[in-house]
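Q: The amino acid sequence is not available; the structure is as follows:
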């Protein structure tokens, strides 16, 4: 019995010794570099961030809007609204995270360059 507990303890220590990759907050230039010309896949949707500042969000149907970087935030506008919504952005490898002012989080995966 002691031997099994010891083995489990060693296995747990080995797993916890592997550092998890941290989310790295992006500044304005990092956000621009990460998103410009890229497609991000979400659980049930995808979004194309055009170089022109247009963005196409697709979740069963197309929705066109605008995006830009303001300071150290990603901001988007979705007509017919004229209100811009801004988010902090963090990155973890090919994962991208949008963080709202209220702490709400949306995660996606960078697919690569749009065609």
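A: Nice, I can see it. This one's a predicted model, so the numbers in the text were calculated from it and none came from an experiment.
Q: quick one: pLDDT of residue 21?
A: pLDDT recorded at residue 21 is 82.
Q: dump the residue contacts of the residue nearest to it when sequence neighbours are not counted.
A: Leaving aside its chain neighbours, residue 21 sits nearest to residue 92 (5.4 Å; criterion: C-beta to C-beta, 6 or more residues apart in numbering). (Glycine included, C-beta is placed from N, CA and C.) By C-beta atoms under 8 Å, 6 or more residues apart in numbering, the contact list for residue 92 reads 21-24.
Q: The spatially most central residue of the chain bridge partners, please.
A: Centroid-nearest residue in the chain: residue 96, 2.0 Å away (criterion: C-alpha atoms, centre = their mean). Using DSSP bridges, the beta-bridge partners of residue 96 come out as residue 91, residue 108.
Q: ok, it to residue 34 distance?
A: Plainly put, residue 96 is 6 Å away from residue 34 if you go by C-beta to C-beta, to the nearest Å.
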